[in-house]
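Asks: Pasting the sequence and the predicted coordinates here, then a few questions.
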Amino acid sequence: MRKLSWIAIAVLFCIFSCTKIDTTNIGSGLIPPIDGVTTLDTTLDVISTDFINPTNDSLKVYKSDDHVIGVINNDPLFGKTLAQTFFELKPTSYKFSFPGGASVIPDSAVLILSYKGSFGDTTVPQTWEVRELTESLKKDSAYPVSRQFATGNILGSKTVDITTFNDSVKYGLENASNQIRIKLSGELANRLIKQYDSTAGNAYENDSLFRLNFKGFAVGPAAGSAGNALIRVNLLDSNTKLALFYNYKIPDSANRSTAVSYFRFSTGNISTIPVSASSNYIRRNYNGSQLAANLSDNDNNDSVLFIQTSPGSFATIKIPGLSSLQNSIIHRAELAVYQAPDVSASDMFAPPRYLLLSGYDSISKQKINIPNDFVVNSTSGANISQFGGYVIQKNIPDFGTVNGYVFDVSRYVQGIVTRKEPNLTLRLSAPSNDSLKYTAPYPATTASSYYLMPSIANNVAIGRILLAGGGMKASPLRMRLRIIFSKI
């Protein structure tokens, strides 16, 4: 499908091609002008290959992260995705009781989720089900996305219209927006409001007894549901809660009062405050997708690269010509990657906010930072704004405005040509809750861990992009390494 001719393969090993590239992003006043004698300009070809991440099942979603719920039934590039969320909502203190004692009369129970955003086609409604967990979650554990939990009866269902999630909700007891509201069964309302109480041995006496009587909720698409989007919800946000509506007799009066009590998600101290547990199940299915076809064609240099946010796919990048470069002064070395034309008309699927360019330690089986260029400061964190990785938009002749990512690897290349440091096989991925084996710039040798949380990188499962790879035929979009240097 994307085979290179023997001529193109030979070009991969050409050391220098002193032809100025007009589409470069390099423009710093600190870089000397290219005159073809003192300062030279070259590009090196790359070999790029697609992979599905073998560690997908071990990715974890933590309590403070946005969780995803929904179904993608038709992404022509990446196939299908199913996402369910399991969680506990509980009283914020014990012993818990409703006002009014025996006079309380249940009205209804509504599960409310805080809406934080969407990914995909929001015009297609989805049918969601709320089920009761029959298997307990551990409040001190973070579960991998491959973990599912046993559920029982359906507590409620709703056809959700994503386009209305930003609408305001106004009624006598609340005025809010960005809520997903699902009415639950009268049986659950009666159980939680009328049957459970705080007497010795009953559900509201303490957290252990409540968790024994009610293990939590599972929310996800119904089997066979339509839909083509994932929805982000945040469990810690004040908008997420179980609303229990009821009325009770006002003491010393013939009148009754209408009220609501809220159960919430808590991450308080495990020993003193009831802590809630959660898990996010995410399943990718690539059958019939363009990614699956691309992986099966045995091409050693892919013309297009399929990058999907974790749990997803990544690409390896090799630059053989770096090993043959003579010692030079490297003013700038820049790896630029751009979005490839997508004939599937699937612009509804947004690109990842952040791509990570890294190396890989095959012994420890960990990503490693690009030596000397990806630098972490103890106070300000990683130098991503200088090194690169956040999505940008660039106007490319004949293609218009495209998404892209640019990486400054100048010091890495300098280390290769001057100190004969290793020419690494690089990785390009869209991480979420990932980590790097980090080593500070030369001459440091001690490694530590650096964590790429969603606030730095990507929300779990949100974002995917088709990139132009090293095997693409002559095109301004083709991935390549550009170097501006001076001979010594």
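Replies: Right, received. Where do you want to start? The structure displayed is predicted, hence computed values, not measured ones.
Asks: any idea how far I330 is from Y412?
Replies: For Y412, the distance to I330 (C-beta to C-beta, to the nearest Å) stands at 9 Å. C-beta here means a position set from N, CA and C on the backbone, and glycine is covered the same way.
Asks: what about the two, which has more around it?
Replies: It is Y412, of Y412 and I330, that has more neighbours when counted by other C-beta atoms under 10 Å, with 26 against 21.
Asks: and the more buried one, what does it touch?
Replies: Contacts here follow C-beta atoms under 8 Å, 6 or more residues apart in numbering; on that basis Y412 touches 333, 370-373, 421.
Asks: so which of those is the most crowded?
Replies: A333 leads the contacts of Y412 on contacts (other C-beta under 10 Å) with 26 neighbours.
Asks: Angles on the backbone of A293, please.
Replies: Main-chain dihedrals, A293, degrees, to the nearest 10: phi -70, psi -40.
Asks: Next: P76.
Replies: phi -60, psi -20.
Asks: residues of stretch 315-325 that come out buried?
Replies: Buried residues in stretch 315-325, counted by 16 or more other C-beta atoms under 10 Å: 315-319, 321-322, 325.
Asks: and stretch 186-206, how far out from the chain's middle?
Replies: The chain centre lies 38 Å from the centre of stretch 186-206; the measure is C-alpha atoms, centre = their mean, to the nearest Å.
Asks: And it, end to end?
Replies: By C-alpha to C-alpha, to the nearest Å, the extent of stretch 186-206 from end to end equals 24 Å.
Asks: which outside residues touch it?
Replies: For stretch 186-206, contacts defined as C-beta under 8 Å, 6+ apart pick out 91, 94-98, 104-109, 132, 155, 209-210, 212-214, 242, 244-246.
Asks: hmm, 10 Å instead?
Replies: 90-91, 93-98, 101-102, 104-111, 130, 132, 153, 155-156, 183-185, 209-214, 242, 244-246, 248, 261, 263, 274 (C-beta atoms under 10 Å, 6 or more residues apart in numbering).
Asks: what about that stretch, average pLDDT?
Replies: Mean pLDDT, computed over stretch 186-206, is 97.
Asks: what comes up buried for that stretch?
Replies: Within stretch 186-206, the residues that count as buried by 16+ other C-beta under 10 Å are 188-189, 191-193, 196, 198, 203-206.
Asks: Ok, stretch 70-87 next?
Replies: Buried residues in stretch 70-87, defined by neighbour count with 16+ other C-beta under 10 Å: 70-75, 77-87.
Asks: Of these, which belong to strands?
Replies: The strands, defined by DSSP state E, take in 70-75, 79-87 from the buried residues of stretch 70-87.
Asks: From the residues you listed, pick the one nearest L466.
Replies: L466 has its nearest neighbour among those in D75, at 11.0 Å by C-beta to C-beta.
Asks: Ramachandran coordinates for the residue with the largest distance to the centre of the chain?
Replies: Distance to the chain centre peaks in the chain at D252, reaching 55.5 Å (criterion: C-alpha atoms, centre = their mean). Taking degrees, to the nearest 10, you get phi 60, psi 30 for the backbone angles of D252.
Asks: With I273 instead?
Replies: With angles defined as degrees, to the nearest 10, I273 sits at phi -120, psi 140.
Asks: Could you do the one 4 residues further on as well?
Replies: Note on A277: its backbone torsions stand at phi -120, psi 160 [degrees, to the nearest 10].
Asks: That one and L426, how far apart?
Replies: Distance from A277 to L426, by C-beta to C-beta: 38 Å.
Asks: and what of T123?
Replies: Applying C-beta to C-beta, the value for T123 to L426 is 38 Å.
Asks: hang on, L335 is in a strand, isn't it?
Replies: Yes. Counting by DSSP: H, G, I helix; E, B strand; the rest coil, L335 is located in a strand.
Asks: partner residues bridging it?
Replies: On the basis of DSSP bridges, L335 is bridged to F407, L481.
Asks: burial count for it?
Replies: L335 is flanked by 24 other residues according to other C-beta under 10 Å.
Asks: ok, now which ones touch it?
Replies: With contact set as C-beta under 10 Å, 6+ apart, L335 has these partners: 44, 46, 317, 319, 357, 370, 388, 405-409, 412-413, 426, 428, 479-482.
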